[in-house]
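Novice: build me a model from this:
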Amino acid sequence: MVVLQHHFVVKNSFLINDLDARRHGAHVRFAFEDHVLDPDRRELSRGSEIIVIGPQVFDLLLHLVRNRERVLTKDNLIDAVWGGRIVSDSTVTSHINAVRKAIGDTGEDQRLVRTIARKGYRFVGDVREINGSENPSPMRLPERVTEVLRESAAHPAALALTLPDRPSIAVLPFFNLSGDPTQDYFVDGVVEDIISALSRMSGLFVIARNSSFTYKGRAVDVKQVGRELGVRYILEGSLRKAANRVRISGQLVDATMGANLWSERFDGTIDNIFDLQDQMTANVVGAIAPRLEHAEIERSKLKPTESLDAYDYYLRGMWKFRQASGSAIDEAQPLFYEAIQRDPEFASAYAMAAWCYSLRKVNRWMTDPGREIADGTRLVRRAVELGQNDAVALASSVHPLVHLAGDLDSGMASADRALALDPNLAAGWFVSGFVRIWRGQPEDAIERIARALRLNPLSPDMHRMEVGIAIAHLLSGHTDDALSWAEKASRDADRAFPLGILAAIYACAGRHDDARQAVRQLRELDPKLRLSNLDDWLPFRRSQDLAMFTDGLLRAGLPK
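Specialist: I've put the predicted structure just below:
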């Protein structure tokens, strides 16, 4: 481990960062075959060679070696290596494979790390513990390592970490500007909650609290912090308390360029400080999540097509999907298929490819309904299967489950599971509200979609949220509110779904001329739509809800 003049623990392609070193007391190393595992130095070596492995792969190997007398379940590994965060089985398996590759245990014999069927894993190699200064063999850093360290002593920025292949962020300790040191615990608590909430977002690489808090109380250069922690984005902020009021200000910075991507402030009263802490966390996380996605999409759009991987194809697909027109959906879906080709276990890519079919069905754009519904159903079932611990994938699966598979119960289960995994996921609240509309729970739906709007007030899905609130208000008997929300949603008149909803609401509100005009526009988009096939288009579970829309569209002039 190398400590530079600013007391930063650094890592490059040869050295692994360890901000938790020496927590186990005396310096003990573990020797097996021709390897030495050094927890204090965070190094795995083979003879005189330092083997490059990621921090979590190192932690996984160390945990297996330290607990070699017993079988370790996947839950045990997740608790020890990922701090109890929800990760998929495939993530654990890929890290086990990385451990095996690092120690040369890639054959079928499993001579060092053995898989115990339906139980877990156990390190079965012979291990010798080396205490103190005892040296199992002369060890010398490779010449290139020595050269890099010598160069980096004069130029610390040379030890910049390679950015992960997914969006990465560090949340720095917020500054307490209140002049009251006793409020430090509240400020730190908010930041810790934000880190915890971001860690629940699948596909986001989040620096742990112990690393972020090494910068507490210091003025920092975000570009330098980004290099030292190996992240693209930095969230920093401050708290100011005056009398009974608290204001938290935050800003999201692209550390690679030093560009400010977002800034906002949140106000509250300190009457119930813990409720306020939860509220601040939800507001900050809900606000920055879509900014991160937007920044990643913009970054991906600048990459040449020959360098795209699964995630970049997914991002480009999302960019097209957000445009929501029929042609944009046609362009988005092949991009999601490309993501699946490059990563066959990419749950969110399956879900979004299915959602493209769902939008085609809802907006009457399908050209081969039987084939498209069958393919979309297959995709969404696979998304749910792969994404049981992926909140984004589960939320993205809800609409296809409802509109393609006709499975309201599975749709609600997926929405609820997504929110259990990530309570600050705006898309989760949105789809959770929509599935409750179809199930006949409009009041609950209004609250849930309103929460989605509060978490993401600038959402590119705004028109979909407006349609949802309009339907829910109509089913709740709030005709004036329904009309107000439906008119907002009708701004995009090339979509059949909002036009059909608007026509029914106009008719229920007694505005018959406007209702007939909306139906004329609707029939221009889909001349085949009839009252007789509304039940296939609008998946209401309660017969009275479908009857209300059928009656409204009948009065608006939709043929039987």
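Novice: how about low-confidence regions in the stretch 401-550 of the chain?
Specialist: Within the stretch 401-550 of the chain, the segments meeting pLDDT under 70 span 457-458, 490-494.
Novice: ok, now which ones touch W365?
Specialist: G326, I329, L359 (Cβ atoms under 8 Å, 6 or more residues apart in numbering). C-beta here means a position set from N, CA and C on the backbone, and glycine is covered the same way.
Novice: M465 against L453, yeah?
Specialist: Yes - applying Cβ atoms under 8 Å, one finds M465 in contact with L453, separated by 5.7 Å.
Novice: for the stretch 401-550 of the chain, which segments count as helices?
Specialist: 408-421, 426-439, 442-455, 462-475, 479-489, 496-508, 512-525, 534-537, 543-556 (DSSP state H, counting those that start in this stretch).
Novice: switch these over to TSV; also include mean neighbour count.
Specialist: TSV is the format used below for the helices of the stretch 401-550 of the chain (neighbours: other Cβ atoms under 10 Å):
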stretch	mean neighbour count
helix 408-421	21
helix 426-439	26
helix 442-455	21
helix 462-475	24
helix 479-489	19
helix 496-508	26
helix 512-525	18
helix 534-537	15
helix 543-556	18
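Novice: how about those in a markdown table, adding distance to K216?
Specialist: Below are the helices of the stretch 401-550 of the chain laid out as a markdown table (distance: least, Cβ to Cβ, whole Å):
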| stretch | distance to K216 |
| --- | --- |
| helix 408-421 | 29 |
| helix 426-439 | 30 |
| helix 442-455 | 28 |
| helix 462-475 | 38 |
| helix 479-489 | 45 |
| helix 496-508 | 49 |
| helix 512-525 | 57 |
| helix 534-537 | 56 |
| helix 543-556 | 54 |
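Novice: neighbouring contacts of stretch 252-259?
Specialist: The contact list for stretch 252-259 (Cβ under 8 Å, 6+ apart) reads 163, 222-223, 225-227, 231-236, 260-263, 288, 291-292, 295.
Novice: whoops, stretch 377-392 was the one
Specialist: With Cβ under 8 Å, 6+ apart, stretch 377-392 has contacts from 86-88, 90, 200-203, 345-348, 350-351, 353-354, 357, 393-394, 396-397, 400-401, 404-405, 410, 414, 417-419, 421-422, 425, 427-428.
Novice: what do you get if the cut-off is 7 Å, keeping everything else the same?
Specialist: Stretch 377-392 is contacted by residues 86-88, 200, 202-203, 345, 347-348, 350-351, 353-354, 393-394, 397, 400-401, 404-405, 414, 418, 421-422, 425, 428 when judged by Cβ atoms under 7 Å, 6 or more residues apart in numbering.
Novice: so which of the residues you listed are in strands?
Specialist: Among the contacts of stretch 377-392, none falls in strands (DSSP state E).
Novice: re the thing from before, what is in contact with M465 and L453 at once?
Specialist: In terms of Cβ under 7 Å, 6+ apart, M465 and L453 are not both contacted by any residue.
Novice: contacting residues for L62?
Specialist: Contact partners of L62, counting by Cβ under 7 Å, 6+ apart, are L37, P39.
Novice: and G203, what pLDDT?
Specialist: G203 carries a pLDDT value of 68.
Novice: looking at the contacts of stretch 252-259, which are in strands?
Specialist: Using DSSP E, the contacts of stretch 252-259 in strands are Y233, I234, L235, E236, N260, L261, W262, S263.
Novice: which among those residues count as buried?
Specialist: By neighbour count, with 16 or more other Cβ atoms under 10 Å, the ones in strands among the contacts of stretch 252-259 hold Y233, I234, L235, E236, L261, W262 as buried.
Novice: does the first one touch L172 like I think?
Specialist: No - the pair Y233 and L172 does not pass the contact test of Cβ atoms under 7 Å, sitting 11.1 Å apart.
Novice: on that earlier part again, so which of the helices of the stretch 401-550 of the chain comes closest to N363?
Specialist: Of all the helices of the stretch 401-550 of the chain, helix 496-508 sits nearest to N363, with 4.9 Å by Cβ to Cβ.
Novice: helices and strands around the closest one, which ones?
Specialist: helix 462-475, helix 479-489, helix 512-525, helix 543-556 (3 or more Cβ pairs under 7 Å, 6 or more residues apart in numbering; DSSP states H and E).
Novice: and G47, which of those is closest to it?
Specialist: Using Cβ to Cβ, these put helix 462-475 closest to G47, at 59.3 Å.
Novice: that closest one vs helix 479-489, what angle?
Specialist: In terms of direction (axes from the mean of the first three to the mean of the last three Cα atoms, to 10 degrees), helix 462-475 departs from helix 479-489 by 160 degrees.
Novice: could we number from 28 for the rest of this?
Specialist: In the new count, where the first residue is 28, that last one comes out as helix 489-502.
Novice: next secondary structure element downstream of the worst-scoring helix or strand of the chain on mean pLDDT?
Specialist: Least confident element among the helices and strands of the chain, by mean pLDDT, DSSP states H and E: helix 170-181 (a mean of 41). Scanning forward in sequence from helix 170-181 by DSSP states H and E, the next helix or strand is strand 195-198.
Novice: gap between S72 and L87?
Specialist: 17 Å (Cβ to Cβ, to the nearest Å).
Novice: which of the two has more residues huddled nearby?
Specialist: Counting neighbours by other Cβ atoms under 10 Å for S72 and for L87 shows that L87 has the greater number, 25 against 21.
Novice: got the CA coordinates for the helix or strand hosting that one in CSV?
Specialist: According to DSSP H and E, L87 maps onto helix 82-93. C-alpha atoms of helix 82-93 as CSV (Å, rounded to 0.1, in the frame of the first residue of the first chain):
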residue,chain,number,x,y,z
PRO,A,82,-11.6,-4.7,-4.6
GLN,A,83,-14.7,-6.9,-4.3
VAL,A,84,-12.9,-9.9,-5.9
PHE,A,85,-10.1,-9.4,-3.4
ASP,A,86,-12.7,-9.2,-0.5
LEU,A,87,-14.4,-12.4,-1.7
LEU,A,88,-11.1,-14.3,-1.9
LEU,A,89,-10.1,-13.1,1.5
HIS,A,90,-13.4,-14.0,3.1
LEU,A,91,-13.3,-17.5,1.5
VAL,A,92,-9.7,-18.0,2.8
ARG,A,93,-10.4,-16.8,6.3
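Novice: what about that helix, distance to the chain center?
Specialist: Put simply, helix 82-93 sits 25 Å off its chain's centre (Cα atoms, centre = their mean, to the nearest Å).
Novice: could you tell me the angle between the following helix or strand past it and helix 82-93?
Specialist: Of the helices and strands lying after helix 82-93 in sequence (DSSP H and E), the nearest is helix 101-108. In terms of direction (the same axes, to 10 degrees), helix 101-108 departs from helix 82-93 by 120 degrees.
Novice: give me the helices and strands touching helix 101-108, please.
Specialist: Right, helix 101-108 is packed against helix 82-93, helix 116-129 by 3+ Cβ pairs under 7 Å, 6+ apart.
Novice: helix, strand, or coil at S223?
Specialist: Classification of S223 using DSSP: H, G, I helix; E, B strand; the rest coil returns helix.
Novice: again, but for L266
Specialist: Classified using three-state DSSP, L266 is strand.
Novice: which one is it nearest to, not counting chain neighbours?
Specialist: V214 (4.7 Å; Cβ to Cβ, 6 or more residues apart in numbering).
Novice: coming back round to it: for the helices of the stretch 428-577 of the chain, which one sits closest to V55?
Specialist: helix 435-448 (37.2 Å).
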